[in-house]
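1. My questions are about this predicted structure, shown below with the sequence.
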Amino acid sequence: MKKFLSRPAQLEWYVGNLNKESYGEDRLRSSSSDVDIYLDYDIFVVEQSDEYPFNRGMLINSCVKVLPPEYDYFVFQDIDLLPMIDSIRYAYEEHPLHMATHFEGNVKLPYFEYIGGCLKITRENFEKINGFSNEYWGWGIEDLDLLSRMRNNNLLESQTYYDNSNLFENNRYNYVDVSPSKFKMKREFMAFKFDGKSYIRILNNKRITDITHGSFSMSAWFKPEFDSKIDKCNKKNPISILSRAGFHTGIQIIEIQEKYVLVRCMGFTEDNNEVYNDNFSQEFKVPMNKWSQVCFIVDDKKKEIQVYLNGVLMDGKNQKITYKNDLRFYDTSYFIGSSYENTGNFIGWISEPCWFDYSLTKQEVKLLYDKNPSEHSWTHFYDEPCLYFPFNQVYNNFVFDSSFNRSHGVIHNFDTNVELVKEFEINLGVEIEVPNRLNGK
């Protein structure tokens with residue numbers, strides 16, 4: 001079943017080559033045996049004739065729907081792809097199989113979960129997952145949706161792989177069994193070293209003064225390196241990772257133990273005649289000497305907060321995560337690595353601190369965790385951050401803000417003999433299910 005999309009030259013080229021006389025017999029055998037029994041197959045070309053945007057999922061669904069039951073499996077293939085070696089077989093497979101995983105010219109797969117181009121699937125399995133979604137107009141996403149449907153319907157439990165023992169080194173395609181495997185994504189970032197005395201101060205100005213006066217979000221990676229026998233803090237005297245000075249709204253450490261620190265995300269409200277002490281906070285543990293990412297979100301419309309640790313929403317049960325009063329008004333500076341000047345100083349590494357003047361969505365939080373912002377340039381966010389310090393530009397005692405506000409920070413009490421900025425690479429704790437690829441790249 002071929003997706004055509006007005007490509008007559010590719011169609012002629014494809015049909016002229018996919019036959020046992022001109023393009024090899026093996027791939028059209030009904031099995032891998034030596035018996036000369038070839039597949040009874042038909043090629044259906046599917047083309048969209050209306051003026052609407054292209055909808056690949058709907059095209060394939062429409063074709064499958066009108067085909068009689070004797071067609072017991074399908075190969076969905078783009079018209080501009082052609083198998084390059086005889087071991088790429090079109091014979092029946094019980095489990096879904098991705099066939100276009102390695103392209104001529106050594107072109108790599110566009111992303112980990114790519115199953116587009118050429119996919120083999122039985123009619124029974126296709127109907128079980130209710131086919132493709134009809135809702136994706138334009139290019140892309142429909143194949144990822146199909147992969148999700150396969151997972152949700154337990155079609156990915158099979159560990160049966162196609163026999164590829166006869167593949168050779170310069171093969172153009174490899175087989176993929178659409179079956180989950182574990183893959184740990186790598187994350188790279190620049191980080192700034194804090195020694196318990198140094199800190200970064202961003203002076204308040206009219207461009208950033210209102211960030212925390214309505215809905216807002218703040219996020220940072222950090223690696224605490226305290227000595228629990230020496231370094232101390234508590235709820236009244238916290239150590240801050242990110243802070244808006246005054247009442248120290250931000251991400252703080254309130255307890256130091258040998259193997260972990262207790263983190264508190266906290267904000268303050270204005271007292272009124274009806275409600276006093278309406279402040280809000282959420283506490284949780286993070287490991288010592290390991291990288292963690294915290295995203296603190298205040299939704300002033302819903303009057304509630306959310307806290308994400310390493311991209312996962314924390315349970316706020318039995319904690320004060322809602323409020324009634326207006327948020328506290330500030331005209332003070334922002335701090336990285338301290339609560340205020342020479343107060344509540346952090347020891348360890350901090351990376352990618354940023355503030356937004358709106359409440360981030362779950363998808364935006366996940367993107368902050370998964371990818372360095374340089375990889376997406378904020379294009380998938382509602383708006384850019386109001387403050388963002390990637391620590392890739394440090395000059396004398398200045399660290400540059402890469403947001404559109406350009407509110408650069410000043411580094412205080414730093415040791416000129418110490419390496420302040422360092423590049424890190426870590427494996428993310430969240431594991432992503434991707435198709436297994438035999439001999440793939």
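-> Sure thing, it's come through.

2. Is Glu364 located within a strand, as I assumed?
-> No. Under DSSP: H, G, I helix; E, B strand; the rest coil, Glu364 falls outside any strand and is assigned helix.

3. quick one: the helices in the stretch 1-150 of the chain?
-> 8-17, 20-23, 56-66, 123-128, 142-152 (DSSP state H, counting those that start in this stretch).

4. can you give me the offset of the last one from its chain's centre?
-> What it means is helix 142-152. Centroid separation between helix 142-152 and its chain, computed with Cα atoms, centre = their mean, to the nearest Å, is 17 Å.

5. quick revisit: and the helices of the stretch 1-150 of the chain, which one is worst for confidence?
-> Mean pLDDT is lowest for helix 20-23 among those, at a mean of 44.

6. Tyr114: what's it in contact with?
-> For Tyr114, the contact set (Cβ atoms under 8 Å, 6 or more residues apart in numbering) comprises Thr101, Asp143. C-beta here means a position set from N, CA and C on the backbone, and glycine is covered the same way.

7. how close does it get to Asp143?
-> From Tyr114 over to Asp143 the distance is 7 Å, taken as Cβ to Cβ, to the nearest Å.

8. Could you list the single helix or strand in this structure with the lowest mean pLDDT?
-> helix 20-23 (a mean of 44; mean pLDDT, DSSP states H and E).

9. picking up where we left off before, quick one: closest of the helices of the stretch 1-150 of the chain to Tyr340.
-> helix 142-152 (46.6 Å; Cβ to Cβ).

10. wait, doesn't Lys235 sit right on Arg264?
-> Yes. Between Lys235 and Arg264 a contact is recorded at 7.3 Å, counting by Cβ atoms under 8 Å.

11. what sits in contact with each of the two?
-> Ile254.

12. who's more crowded, the two?
-> Arg264 (21 against 13; other Cβ atoms under 10 Å).

13. so what's the more buried one scoring on pLDDT?
-> The model's pLDDT for Arg264 equals 97.

14. For it, pull up the helix or strand it's in.
-> Secondary structure assignment for Arg264, by DSSP states H and E: strand 260-267.

15. In terms of secondary structure, what does that strand contact?
-> strand 249-256, strand 280-287, strand 292-299, strand 304-309 (3 or more Cβ pairs under 8 Å, 6 or more residues apart in numbering; DSSP states H and E).

16. Show me how far it is from its chain's centre.
-> The chain centroid and the centroid of strand 260-267 are separated by 25 Å, computed with Cα atoms, centre = their mean.

17. same thing with stretch 140-151?
-> 16 Å.

18. and if you look at stretch 219-231?
-> 26 Å.

19. what's the answer for stretch 114-123, then?
-> Here the centre of stretch 114-123 is set off from its chain's centre by 24 Å, with Cα atoms, centre = their mean.

20. That one: end-to-end distance?
-> End-to-end distance of stretch 114-123: 21 Å, with Cα to Cα, to the nearest Å as the criterion.

21. low-scoring stretches of the chain, by residue?
-> Scanning the chain for pLDDT under 70 picks out 1-7, 14-38, 85-87, 105-113, 156-185, 274-275, 376, 417, 429-441.

22. So it: which segments form each domain?
-> With domains defined by automatic domain parsing, the chain comprises 2-174, 186-429.

23. coming back round to it: need the helices of the stretch 1-150 of the chain in JSON lines with mean neighbour count, can you?
-> Output for these, formatted as JSON lines (neighbours: other Cβ atoms under 10 Å):
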{"stretch": "helix 8-17", "mean neighbour count": "13"}
{"stretch": "helix 20-23", "mean neighbour count": "11"}
{"stretch": "helix 56-66", "mean neighbour count": "17"}
{"stretch": "helix 123-128", "mean neighbour count": "15"}
{"stretch": "helix 142-152", "mean neighbour count": "19"}
